[in-house]
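**Student:** prediction below, plus the sequence it came from.
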Amino acid sequence: MSTSADQAVDEAGAPKALTFPTLAEGAELVGEFKNSGYREPPQLVCLPNRQLVRLPPLLFLVAKALHEHRDLAGTRDVPAALETVAAAVSEQAGARLTAEQIVYLVDRKLAPLGVTGYTDGTAPPLVKANPFLGLKFKVAVCPERVTWFIAGLFSWLFRPVIVAVAVAAIIGCEVWLLTSQSIADALQQTLLVPVSILLIMALGVLSCVFHEFGHAAACRYGGVRPGVMGCGIYLVWPAFYTDITESYRLGRGGRLRADLAGVYFNGIFILGLTGLYLWTGFEPLLVAVLFVNFEMIQQLLPTLRFDGYYIMSDLIGIPDLFKYIGPILRRKLLRRPADPRLKELKRWPQIFVTVWVLTVVPLLVLQLGLITTQIPKLVAQDWMMIRGLATAASNGASPLELITSGLQIVLLILPLLGVVLILYMAARWLVRQAVRYVNGPAPDPMPNS
């Protein structure tokens, strides 16, 4: 049933007073998503919670016209104001729109996304994204103004000459450490000293913090404002984060620079550790270098939502690769017709996403299968180590040894909890897909008699 521009209708059919809809307070029209992988370049709107919404061009023109004519929000002749908006949109879109169609697009498309209010005066909902395998329980630690200040301290590290010198130094440092130094001996000696273990853990955390400084500094160097920095839980592991949503204002090169900046700063951190080792000869610093290298390798993995995933995402201009897993598997394995979401993509990004899905999914399944078969053995080994650590800690151990033993126990338990959680999420997804497959596609609506 169409809605008249003279009044809105509630669920019970009673008329409601028509009001002029405006952008949600704090929302911002960002503009075109540059270098995207979509056939029709989408337009971006930043919601008050800094979440980005991707709109087709027509909806963006409606939101833009409403914002440009926001001075009409206080008028009593709302239908005439909506006609003015419809005329502005029609001129830019090259197609005739009416006030009734503006009301429909606002109430059915823009308002549910949190972009505008409803035409009956209802405030827009608070839309919060819940991405698959996303960071949970986020707590902001540094507000935007502090992040902006920190980013300014390090943004000079992205000047081309500095980057070239730093990357060459990092490569030379890695080659020297891995070929001329005995990491194995340093590792063996470090594990026997609780203070050294705590030092390496502290340096690892500091490296993660410096990693986030890199993301923030890259945003500032590119001319956009980084958001808050904080911490959260990724699956079951504590993790740091930096809000670099504003990087979507940049082109592909700027977004890739922001993605790679964290690993780049890890490399600079390694240079600092190497300098300390040359100055002091303190061997646990070599183990800390090894630890940071493992962090960098983990961040570059394209499977979970680490930096490697976002590098691939920004390389092809598709913000969320995970949402295409279902459509691609249904198309390739179940021989279902192509999902409309796939038809929105350009040819080579569609091929790229398909290859990513058909590579990553089997790897994840294989990894989970191997880990699942080893769970009983891992549980037994972890239990023995936990008992040994607990016994050693209870036999007159010093507070420092107790802290070290407790941290080691936590580090032993977290991977098992992570495996259990991933298996649960994978099983839930498979059940949903099976139910959807059994139910089949929804029947087409019967035409009105």
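**Tutor:** Thanks, I have the structure now. Here the structure is a predicted model, which is why all the values come from computation and not from measurement.

**Student:** low-confidence ranges in the stretch 151-300 of the chain?
**Tutor:** Counting by pLDDT under 70, the low-confidence segments of the stretch 151-300 of the chain come to 188, 190-194, 235-236.

**Student:** now do the helices in it.
**Tutor:** Using DSSP state H, counting those that start in this stretch, the helices of the stretch 151-300 of the chain run over residues 160-180, 183-190, 194-222, 252-280, 284-299.

**Student:** which one, of the ones you listed, ends up nearest to L430?
**Tutor:** Across the helices of the stretch 151-300 of the chain, the minimum distance to L430, taken as Cβ to Cβ, is reached by helix 284-299, at 26.0 Å. C-betas here are computed from N, CA, C, even on glycine.

**Student:** can you list contacts of the next helix or strand after the closest one?
**Tutor:** The element immediately downstream of helix 284-299 (helix or strand, assigned by DSSP states H and E) is helix 307-316. Identification of contacts with helix 307-316 by Cβ atoms under 8 Å, 6 or more residues apart in numbering yields 37, 252, 255-256, 259-260, 262-263, 299-303, 319-321, 348-349, 352-353, 356.

**Student:** now do the buried residues in the very next helix or strand once past helix 307-316.
**Tutor:** Using DSSP H and E, the helix or strand that follows helix 307-316 in sequence is helix 325-332. Using 16 or more other Cβ atoms under 10 Å as the test for burial, helix 325-332 gives 325-328, 330-331.

**Student:** ditto for stretch 124-143
**Tutor:** Within stretch 124-143, judged by 16+ other Cβ under 10 Å, the buried ones are 124, 135, 142.

**Student:** likewise for stretch 227-244?
**Tutor:** Judged by neighbour count using 16+ other Cβ under 10 Å, the buried positions of stretch 227-244 are 227-232, 234-236, 239-244.

**Student:** next one: it to chain centre, how far?
**Tutor:** Taking Cα atoms, centre = their mean, to the nearest Å, the mean C-alpha location of stretch 227-244 is offset from the chain mean by 10 Å.

**Student:** now swap in stretch 290-301 and tell me
**Tutor:** 18 Å.

**Student:** got a list of contacts for that stretch?
**Tutor:** 174, 183, 187, 200, 203-204, 207-208, 211, 262-263, 266-267, 269-270, 273, 306-309, 311.

**Student:** returning to what we had before: distance to H67 for the helices of the stretch 151-300 of the chain - can I get that in JSON lines?
**Tutor:** Compiled in JSON lines, the helices of the stretch 151-300 of the chain are given as follows (distance: least, Cβ to Cβ, whole Å):
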{"stretch": "helix 160-180", "distance to H67": "38"}
{"stretch": "helix 183-190", "distance to H67": "58"}
{"stretch": "helix 194-222", "distance to H67": "25"}
{"stretch": "helix 252-280", "distance to H67": "26"}
{"stretch": "helix 284-299", "distance to H67": "38"}
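
**Student:** could you redo those helices as TSV and give each row distance to A95 and mean neighbour count?
**Tutor:** Written out in TSV, the entries for the helices of the stretch 151-300 of the chain read as follows (distance: least, Cβ to Cβ, whole Å; neighbours: other Cβ atoms under 10 Å):
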stretch	distance to A95	mean neighbour count
helix 160-180	46	12
helix 183-190	66	15
helix 194-222	36	21
helix 252-280	31	19
helix 284-299	46	19
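
**Student:** among those helices, which comes closest to Q101?
**Tutor:** Proximity of the helices of the stretch 151-300 of the chain to Q101 was assessed by Cβ to Cβ; the nearest stretch is helix 252-280, lying at 34.8 Å.

**Student:** what about the closest residue in space to L113 that isn't next to it in sequence, helix or strand, and which?
**Tutor:** On the basis of Cβ to Cβ, 6 or more residues apart in numbering, the spatially nearest residue to L113 that is not a chain neighbour turns out to be V53, at 5.2 Å. In this structure, V53 is located in strand 52-55 according to DSSP H and E.

**Student:** pull up the pairing partners for that strand, direction included.
**Tutor:** Pairing partners of strand 52-55, with direction, according to DSSP bridges: strand 43-46 (antiparallel).

**Student:** C-alpha coordinates for the partner strand, PDB please?
**Tutor:** Listed in PDB are the C-alpha atoms of strand 43-46, where the atom choice follows Å, rounded to 0.1, in the frame of the first residue of the first chain:
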ATOM      1  CA  GLN A  43      28.100   6.400  -1.700                       C
ATOM      2  CA  LEU A  44      29.100   6.400   2.000                       C
ATOM      3  CA  VAL A  45      27.300   7.900   5.000                       C
ATOM      4  CA  CYS A  46      29.000   8.000   8.400                       C
END
